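*Asks:* Just to be clear, the model below is a prediction. Sequence and coordinates:
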Amino acid sequence: MRGSGLLTVAHLVCAWTAALAAAPGPRFLVTAPEIIRPGGNVTIGVQLLEHSPSQVTVKAEVVKTAANRTVSVLEAEGVFEKGSFKTLTLPSLPLKSANEIYELRVTGRAQDEILFSNSTHLSFETKRMTVFIQTDKPLYKPKQEVKFRIVTLFADFKPCKTPLNILIKDPKSNLIQQWLSEQGDLGVVSKTFQLSSHPILGDWSIQVQVNVSISVFLGAMLK
């Protein structure tokens, strides 16, 4: 098999700085995602800079606009200290959420005074999970045992405990072996299968179906 599955994920963030008119420079730095996904958490980072108050209460809220109405769907609040960078994590967006207009609003207060208030549009992505497939070697020979494991993760890299259908197919797409509704510990399923003494040579595949909607293939070569 041609090695392990590999995924590179780029997190897009926007950064805000805020300053009062009389302040000599920026007082706050806020980082926030530009993407929201069902099942995924929204996490913002806040740093109080040199000219900020010693303590600021930050509230983050995700609102959606539908049928000319704005509704709050997620919110969280935390207290931040000057001189440190901390994060604030909102609850996860429900898995059945629709593709609507989402906006993240962040407000900072100190002593009942609004110090900053910013908002940004969030792009909605339906991808909720990623599937990794890893094999014990890149190349196999007849009669050898193939060991592999499958890891399913949500977009925020938390384990996804969901039933999997696992199919083994030869180069002619013949179904050699299958496991249905398999569910492992912490989103990990490990399996093995034995190659025959005269298997078809060429590229084999491991197919993983998640909720009958996601398929991941990993090439395998027998020589």
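*Replies:* Okay, I see it.
*Asks:* rest of the way, CA atoms for contacts and neighbours
*Replies:* Fine.
*Asks:* Could you list the buried residues of stretch 172-189?
*Replies:* By neighbour count on 16 or more other CA atoms under 10 Å, the buried set for stretch 172-189 is 183-184, 187-189.
*Asks:* Show residues contacting that stretch.
*Replies:* Applying CA atoms under 8 Å, 6 or more residues apart in numbering, the contact partners of stretch 172-189 are 149-153, 159-170, 190, 193.
*Asks:* what do you get if the cut-off is 10 Å, keeping everything else the same?
*Replies:* By CA atoms under 10 Å, 6 or more residues apart in numbering, the residues outside stretch 172-189 that reach it are 131-133, 148-154, 158-170, 190-191, 193-195, 200-211.
*Asks:* mean confidence for the one helix or strand residue 119 maps to?
*Replies:* In the assignment (DSSP states H and E), residue 119 maps to strand 113-124. If you average the pLDDT over strand 113-124, you get 89.
*Asks:* Could you tell me which strands that strand is paired with, and in which direction each runs?
*Replies:* Strand pairing for strand 113-124, determined by DSSP bridges: strand 35-36 (parallel), strand 101-110 (antiparallel).
*Asks:* Is it possible to get a markdown table of those that adds distance to residue 86, mean pLDDT and mean neighbour count?
*Replies:* Below are the strands paired with strand 113-124 laid out as a markdown table (distance: least, CA to CA, whole Å; pLDDT from 0 to 100; neighbours: other CA atoms under 10 Å):
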| stretch | distance to residue 86 | mean pLDDT | mean neighbour count |
| --- | --- | --- | --- |
| strand 35-36 | 20 | 87 | 20 |
| strand 101-110 | 14 | 92 | 19 |
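*Asks:* now these as TSV including distance to residue 175?
*Replies:* Shown next, in TSV, are these (distance: least, CA to CA, whole Å):
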stretch	distance to residue 175
strand 35-36	37
strand 101-110	43
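*Asks:* so where is this protein shaky, pLDDT-wise?
*Replies:* 1-26, 127-128, 155-156, 211-223 (pLDDT under 70).
*Asks:* Kindly report the domain assignment for it.
*Replies:* Using automatic domain parsing, the domain ranges for the chain come out as 13-124, 129-222.
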